[in-house]
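A.B. asks: here you go, sequence then predicted model.
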Number of protein chains: 2
Amino acid sequence: MIPQTTRDELFDLIGSLTSDRLSAQLRFVVEIDRLKTILRRTPIIDLSRRENDAEHSWHLAMMAMLLREFASPGVDVDKALRMLLVHDIVEIDAGDTFLYDETGQEDQDEREQRAADRLFGMLPAEQGTDLRALWDEFEAHESETARFARTMDRLQPFLHNIFTGGAMWREHGVNAAQVRKRMAVIADGSSQLHQLVLGLLDEAVRREFLPAGPAA
Amino acid sequence: MIPQTTRDELFDLIGSLTSDRLSAQLRFVVEIDRLKTILRRTPIIDLSRRENDAEHSWHLAMMAMLLREFASPGVDVDKALRMLLVHDIVEIDAGDTFLYDETGQEDQDEREQRAADRLFGMLPAEQGTDLRALWDEFEAHESETARFARTMDRLQPFLHNIFTGGAMWREHGVNAAQVRKRMAVIADGSSQLHQLVLGLLDEAVRREFLPAGPAA
């Protein structure tokens, strides 16, 4: 990293060369580069390393494009796509909370709200409000668009687990009953995708990618 | 990486559990995970490692969202965003060609066309055609939407260079005259952004992030 003083001087220069508005936008563009350093639990499929939030967000946006036909008629797919690009940005400050970590989830909301205040607050007011609204909508998972986006966010790590022989499940001692519970929301988005997930999960248990866990 | 035979068996299982169409789409979703392993010359801003194509694509799509007001009235920003998500996928087969590598650029087009045939050819026909058309439009940089997308694709690594003290420029012996030439297309997208880039480039020379190079 270059020294903070150099960084500040460069931002000051940008401020003197252009509008306050563009200047704030570029500060945010530079800040969110840090999403590339926030690691998730899931490895990339070649198992060479853990996945980061920025490339994960790209993958989800691609999936929303590719699987748009599984969206119910009320879904705004372009909006879902923007939502998925933005949905993890708060983790720059709040860190990644593991889906199966129930302790971490207790203060997750507070940490993420604070992160959203700081990060979206860097932008010109109306733009920060727009991005915050997009993130709030995703988090509330009440709108059909948010539910479709969440379906992508559950399906992608599931596929990573399947195509890495259950690497993350095994490392963290996750069982199929827990996965089934977390994947239930996919049915809100698409029953065809949900059925496929259940079929693959059964096969994963047969192949000992993960234990079955307690009966439902 | 899990054994190729296991992978094939899992894809066969998906084929038996669901439609050929979804099956082909998921094969593509898994295949493009490899974009996360294609490294660019540019480091991420904390200088800890080189940037990969997937996280780069995410960053560009975010920039298109954030800087949409710099798009001329004819630009379809949601389409630009989809274009940016897709624009580097061919590099899974063709590799990243360095912007300042004139030799590599000679056969770049042929390598990338072959890659596009294979990769977009994995998808259901009409979907593959749509994605290919998006990529073709980006590559031709004739439409206003493609020009706006290209502006993001030039601006992002430029900012990375500025905020890493010219790390990539220095490593590859790039001078300001070369950068100025490559950045000229930003003026097609937005004169305000182009003016800012020129101002920052002058400062970068003053700070010895890179040499000035031959006078224009």
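C.D. replies: Nice, I can see it. Numbers count the residues shown, from 1 in each chain, chains lettered A, B, ... in the order given.
A.B. asks: backbone dihedrals for the one residue sitting closest to the centre of chain A, both of them.
C.D. replies: What sits nearest the mean C-alpha location of chain A, by C-alpha atoms, centre = their mean, is A:D88, with 4.6 Å. For A:D88, the backbone dihedrals (degrees, to the nearest 10) come out as phi -110, psi 0.
A.B. asks: what's the longest strand seen in chain A in contact with?
C.D. replies: In chain A, taking DSSP state E as the definition, the longest strand is strand A:39-43. Under the contact criterion C-beta atoms under 8 Å, 6 or more residues apart in numbering or on different chains, strand A:39-43 has outside partners A:49-53, A:56, A:96, A:98, A:157, A:160-161, A:164, A:167-168, A:171-172. Yep, even glycine has a C-beta here, placed from its N, CA and C like the rest.
A.B. asks: coming back round to it: I'd guessed the residue nearest to the centre of chain A sits against A:L35; true?
C.D. replies: Yes - judged on C-beta atoms under 8 Å, A:D88 makes contact with A:L35 at a distance of 6.5 Å.
A.B. asks: give me the common contacts of these two.
C.D. replies: Taking C-beta under 8 Å, 6+ apart as the criterion, A:D88 and A:L35 both touch A:D53, A:S57.
A.B. asks: give me the residues contacting stretch A:24-33.
C.D. replies: Contacts for stretch A:24-33 (C-beta under 8 Å, 6+ apart): A:11, A:14, A:89, A:92, A:119, A:122-124, A:127, B:44-46, B:59, B:62-63, B:66-67, B:156, B:159-160, B:163.
A.B. asks: re earlier: for the contacts of strand A:39-43, which entry has the maximal number of neighbours?
C.D. replies: Highest neighbour count within the contacts of strand A:39-43: A:H56, with 29 neighbours (other C-beta atoms under 10 Å in any protein chain shown).
A.B. asks: so that residue sits in a strand?
C.D. replies: No - using DSSP: H, G, I helix; E, B strand; the rest coil, the assignment for A:H56 is helix, not a strand.
A.B. asks: and for it, nearest residue in space, chain neighbours not counted?
C.D. replies: Of all residues beyond its chain neighbours, the one nearest A:H56 is A:R40 (6.0 Å), with distances taken as C-beta to C-beta, 6 or more residues apart in numbering or on different chains.
A.B. asks: now A:D96
C.D. replies: Using C-beta to C-beta, 6+ apart and skipping residues adjacent in sequence, the residue nearest A:D96 is A:R40, 5.2 Å away.
A.B. asks: quick check: the gap between the one you found and A:S57.
C.D. replies: Distance from A:R40 to A:S57, counting by C-beta to C-beta, to the nearest Å: 11 Å.
A.B. asks: list the helices and strands the lowest-mean-pLDDT helix or strand in chain A packs on?
C.D. replies: Using mean pLDDT, DSSP states H and E, helix A:186-189 stands out as the lowest-scoring helix or strand of chain A, at a mean of 87. Packed against helix A:186-189 by the contact rule (3 or more C-beta pairs under 8 Å, 6 or more residues apart in numbering or on different chains; DSSP states H and E) you find helix A:144-162, helix A:191-206.
A.B. asks: what does that helix contact?
C.D. replies: The contact list for helix A:186-189 (C-beta under 8 Å, 6+ apart) reads A:70-72, A:147-148, A:150-152, A:154-155, A:193-194, A:197.
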